[in-house]
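Enquirer: Turn this into a model:
(chains A, B and C)
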Amino acid sequence: MWRYLREIWRGFWSILLSMQITLRYLFTRAVTVQYPEEKRQLPTRALTQHVLTIDLESQELKCTACDMCARICPANCIHLAGEGKGKARRPKWFVIDHNLCMYCNLCVEVCPFDAISMWTGKYELGGFSRTNLVYDMETMHADGFYPTIMTPRSPPGAAAKAPAAPGGGKGGGKG
Amino acid sequence: MTTINLHLQQVKERTTESMEEMWVNMGPQHPSTHGVLRLLLKLDGEVVRECIPYLGYMHRCHEKIGENRAYVQIIPYTDRLDYLASMYNNWAYCLACERLMEISIPARAEYLRVIIGELQRIASHLIWLGTFGLDLGNFTLFMWCFREREMILDLFEAVSGQRINYSFMRIGGLALDVPEGWLADVKAFLAWFTPRLSEYDRLSTDNIIWQKRIQGVGILKPEDAISYACSGPMLRGSGIRWDLRRDDPYGIYDRFEFDIPVGPNGDVWDRFWVRRQEMEQSVKIVEQGLKAIPPGPVLAPVAKKLRAPVGDIYSRVESPRGELGHYIVADGSERPYRYKVRAPTFVNLSALPVMLPGYMVADAVAILGSVDIVLCEVDR
Amino acid sequence: MVSAGALEQFYALFEAWGIPWIVPRLAIMLGVVSIIIGFISVSAMFLIWWERKISAHIQARFGPMRVGGWHGWAQSIADGLKLLLKEDIIPTRADRPVFILAPIVVFAASLATYVVIPFGPGLIVQDLNIGILYIIAISSLTVVGIIMAGWGSNNKYAALGALRSAAQAVSYEVPLVISLLGPLLLVGSLRMTDIVEYQGGTWLGILPGWLIVVQPLAFLIYFTCAVAETNRLPFDIPEAESELVSGFHVEYSGMRFAIFFLAEYANMFVVCAIATTVFLGGWQGPLLAPWVWFLLKTYFLLFVMIWLRWTLARVRVDQLMHVAWKVLLPLAFVNLGITGLLVLVLSPMG
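Expert: Coordinates of the predicted model:
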């Protein structure tokens, strides 16, 4: 009899304890972010849309169409062709199909010229058709400085020349 | 006596046969099968009499794809196995390759692997606790667990740039060193996380409904657990102290002090409690790792084009769900000749038909939840 | 609602015009029904929004924030519109008449209970002399509708949910009624207004004259049973979404589903209104208007119900029965016995 009553009391009390903590949470701040109005600050390394980086002085693509990225890509989503010989070799066309991309960053790591980056902070990639997600050289052409594995913060020496470099510094939250 | 018993047995069988039993299809679209698992349940009223699991809805030829990819290209695919503990899949695969190619990795990478791995274990157990709460009807716990998991994902995003499919480990170490201040962030997270555990306890461990729901339910006897080759918290919940981190140490786990929680009864409560305590142990391991981590490189010098010598290797790690093994047969080319994954959840799930019969539908959900399945890994 | 004299004048007016006596009475009835349905809809919509906000804040999120501007206040209206516009699906193998009738039965049962809820002095549709008995009798009709829904859907999950619901309703009606008997013994009347007026004074000059002060155990038992009666967590096993997907209304969509939803919230309001009437002194209270007090108390109880739902896990079927028959029922009997004894001892002889 006594055990029975104690069991009931224990159950009642444990429920009250649970209720106490939920009541406390009722008056704490929400941690969620109201997305379209309010945007998360992405870390520098957030893997987003590809960008073909440029040499900030000559405004030319660093890419030499060596085909390393296309070969390492596990999903075969990079296609490119180059023209020219030796140091003057540049891509003729360069297509990345983001429908297939797995965001593994292997293409960036393998690039010997630091010519491709995924640390761009461009994450709003939605489109109304699949072809919207197929990026060609024009859409991927960098419009300024983007951090890469070799230059995670800002270009060495070029920092003074491009002070308002988008995506530079710690944020990279360029939407 | 035996004849009477036999007779009683026959009577019992006949009565159960003539009683109204029905087959209920639980899944593949069901809120608590955690993905596309289909369970065929034979119900006698509310009581489950028989259970037949059907798998394969998510099969996507992971192993066959692996045989057509270069060694380094397989890493992103391993993320997609157990997507709640991607780091462990990376780790298990890279470990297998490193052992096959006899690559030793730098000390800093070893420590970072342990730190990241244990954070991943916390994240995975948090998801488990949350969805288990959802199975039992407690939605609030689910949200709270996800909040802390998001913090771990933030940490991982700062490291690897991804929130789920990290592809962060490489054969020979890690893809990148952690950013500046990241280790301090981890410390801050641990300081935030430890008191949260007692808040979860208020809703789960201490709550009478929670206790009554899962105590004495879904008992898996130790001998059954062994004969079904269960591993991880399933095995430890059945009272067998077996943890690959201690019994077959990989990486640098022999340098860390931690306990291996076991449960005595093998019921759902024990499996819950083992995971709950493992989170505390993981916090302990991460703290030790943060103290001892040396500076240095994180990636051993490896060839750009990796070729494995002819041979085969089976290498296993203790993932949050159990023994995660990768078996690779190499024929000397750039690609594995044969690639096989021993998925812990697949093996653990096979013990489900032993645990379910005799319990109610509500218990079936709890028992299935306590196995902690990830269907992407089960079906591969 | 209006004084009897005005009603008589209204009827007399129609009789003078030579209109049959049934017409004004029907008109009055229709008016009352539409007011009640309007009240139910508005209060249910508010409750749904409120529940979503409370649950969200308990879970460290915001909940609806978009529709209507301020904290998404119009979310329920938008949801209701969406449900109205959705396709009405009746499964081919369903028992059509039963399937269609089920939500109506459930809603009608909860609608009928509003007739005797005393919102304020005079603010009661029909002050029946068996008010409490009427509510208890009518509210158990809900389970008929639920069983119809479960059976008519021709779905195993729905059938399981319906049977669970039947078992639950049968078990919890018993302690619910017995827990109400204690306060009713003190009051000595089943009429709702009598019960409220009994609680007008004070206990020992300081505590409010509410019956919860002398009948706390009865209140707790009643409230537990009320949560179970309305199929809410932790007793929501008839619709347990993680076990039975959503139980008896798994096959319902669109407006039919909305009616079930509406009926659930209407029922919640009813059980809390009874608790307010019987235990919390109904409309009694200083300063504010009586109906404000009534709604305040009722909504506080509704808040507790919502709060419970987002705190606790779901019990199992056998545990549900255990709680009803082995915990609540004996306690209710003990409470009733002690109350009866005290009434007998303390009341003047003769």
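Enquirer: Only C-alpha atoms from now on, for both contacts and neighbour counts.
Expert: OK.
Enquirer: Under the pLDDT cut-off, which ranges of the chain? List them.
Expert: Answering for chain A, as no chain was given. For chain A, the stretches with pLDDT under 70 are A:151-175.
Enquirer: Chain C is the one I meant
Expert: For chain C, applying pLDDT under 70 flags the ranges C:1-4, C:205, C:348-350.
Enquirer: Contact distance from chain A - what residues of it qualify?
Expert: With Cα under 8 Å from any Cα of the partner chain as the criterion, chain C comes near chain A at residues C:54, C:57-62, C:307-308, C:310-312, C:327.
Enquirer: Swap in 7 Å and give it another go.
Expert: C:Ile54, C:His57, C:Ile58, C:Ala60, C:Arg61, C:Phe62, C:Leu308, C:Thr311 (Cα under 7 Å from any Cα of the partner chain).
Enquirer: Of the residues you listed, which are in range of chain B?
Expert: Near chain B, judged by Cα under 7 Å from any Cα, the entries from these are C:Thr311.
Enquirer: which among the residues of chain C next to chain A gets closest to B:Trp273?
Expert: C:Thr311 (20.0 Å; Cα to Cα).
Enquirer: thinking again about what came up before, mind picking the two most distant members of the residues of chain C next to chain A?
Expert: C:Phe62 and C:Leu308 (19.0 Å).
Enquirer: hang on, the earlier thing: would you turn the residues of chain C next to chain A into CSV with neighbour count?
Expert: Shown next, in CSV, are the residues of chain C next to chain A (neighbours: other Cα atoms under 10 Å in any protein chain shown):
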residue, neighbour count
C:Ile54, 22
C:His57, 23
C:Ile58, 27
C:Ala60, 21
C:Arg61, 22
C:Phe62, 21
C:Leu308, 21
C:Thr311, 30
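Enquirer: what's the closest of the residues of chain C next to chain A to B:Pro31?
Expert: Lowest distance from B:Pro31 to the residues of chain C next to chain A (Cα to Cα) belongs to C:Thr311, with 20.0 Å.
Enquirer: if you go through the chain in chain order, where are the strands?
Expert: I went with chain A, as the question did not name one. A:51-52, A:54-55, A:60-61, A:78-83, A:90-97, A:116-117, A:134-135 (DSSP state E).
Enquirer: The chain in question should be chain B.
Expert: B:22-26, B:38-44, B:47-54, B:169-170, B:173-174, B:311-319, B:322-330, B:336-342.
Enquirer: Out of these, indicate the one that is most buried.
Expert: With neighbours taken as mean count of other Cα atoms under 10 Å in any protein chain shown, the strands of chain B reach their highest mean count in strand B:173-174, at a mean of 28.
Enquirer: Give the rounded mean pLDDT of it.
Expert: For strand B:173-174, mean pLDDT rounds to 86.
Enquirer: neighbours of B:Arg147, just the number please.
Expert: Using other Cα atoms under 10 Å in any protein chain shown, B:Arg147 has 19 neighbouring residues.
Enquirer: Leaving out the residues flanking it, which one is nearest to it?
Expert: With sequence-adjacent residues excluded and distances taken as Cα to Cα, 6 or more residues apart in numbering or on different chains, B:Arg147 is closest to A:Val31, at 7.7 Å.
Enquirer: Could you list the buried residues of the longest helix that chain A contains?
Expert: Longest among the helix segments of chain A by residue count, using DSSP state H, is helix A:2-26. Judged by neighbour count using 16 or more other Cα atoms under 10 Å in any protein chain shown, the buried positions of helix A:2-26 are A:11, A:14-23, A:25-26.
Enquirer: ok and whichever helix in chain B runs longest relative to strand B:311-319, angle-wise?
Expert: In chain B, taking DSSP H as the definition, the longest helix is helix B:107-135. Put simply, helix B:107-135 runs at 50 degrees to strand B:311-319, going by axes from the mean of the first three to the mean of the last three Cα atoms, to 10 degrees.
Enquirer: what about stretch B:335-354, average pLDDT?
Expert: The pLDDT scores in stretch B:335-354 average 88.
Enquirer: Show me the contact partners of that stretch.
Expert: B:51-52, B:63, B:66-71, B:228-231, B:321-331, B:371, B:373-374, B:377-378 (Cα atoms under 7 Å, 6 or more residues apart in numbering or on different chains).
Enquirer: Now do it: distance to the chain's middle.
Expert: Computed by Cα atoms, centre = their mean, to the nearest Å, the separation of stretch B:335-354 from the middle of its chain amounts to 12 Å.
Enquirer: then stretch C:148-163 to CSV, C-alphas only?
Expert: Output of stretch C:148-163 as CSV, limited to C-alpha atoms (Å, rounded to 0.1, in the frame of the first residue of the first chain):
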residue,chain,number,x,y,z
MET,C,148,-17.2,5.0,-37.1
ALA,C,149,-14.2,6.8,-38.6
GLY,C,150,-11.9,3.9,-37.8
TRP,C,151,-14.2,1.3,-39.2
GLY,C,152,-15.4,3.2,-42.2
SER,C,153,-11.9,4.0,-43.4
ASN,C,154,-11.3,0.3,-44.0
ASN,C,155,-7.7,0.7,-42.9
LYS,C,156,-5.9,-1.4,-40.3
TYR,C,157,-4.2,1.4,-38.6
ALA,C,158,-7.5,3.3,-38.4
ALA,C,159,-9.2,0.3,-37.0
LEU,C,160,-6.5,-0.1,-34.4
GLY,C,161,-6.8,3.5,-33.4
ALA,C,162,-10.6,3.3,-33.1
LEU,C,163,-10.4,0.3,-30.9
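Enquirer: Contact distance from chain A - what residues of the stretch 101-250 of chain B qualify?
Expert: Residues of the stretch 101-250 of chain B lying near chain A (Cα under 7 Å from any Cα): B:Glu157, B:Ala158, B:Val159, B:Ser160, B:Gly161, B:Gln162, B:Ser167, B:Arg202, B:Leu203, B:Asp206, B:Asn207, B:Ile208.
Enquirer: and the gap between the first one and B:Trp182?
Expert: What it means is B:Glu157. To B:Trp182, B:Glu157 is 11 Å away according to Cα to Cα, to the nearest Å.
Enquirer: one step back: tell me if I'm right that the residue nearest to B:Arg147 and C:Ala60 touch.
Expert: Yes - at 5.8 Å, A:Val31 counts as touching C:Ala60 under the criterion of Cα atoms under 7 Å.
Enquirer: counting contacts, what elements does the helix or strand harbouring C:Asp79 pack onto?
Expert: Using DSSP states H and E, C:Asp79 sits in helix C:75-85. On a contact count with 3 or more Cα pairs under 7 Å, 6 or more residues apart in numbering or on different chains; DSSP states H and E, helix C:75-85 meets helix C:22-58, helix C:254-279.
Enquirer: Could you dump those into JSON lines with distance to B:Gln288 added?
Expert: Listed next are the helices and strands packed on helix C:75-85 as JSON lines, based on distance: least, Cα to Cα, whole Å:
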{"stretch": "helix C:22-58", "distance to B:Gln288": "34"}
{"stretch": "helix C:254-279", "distance to B:Gln288": "52"}
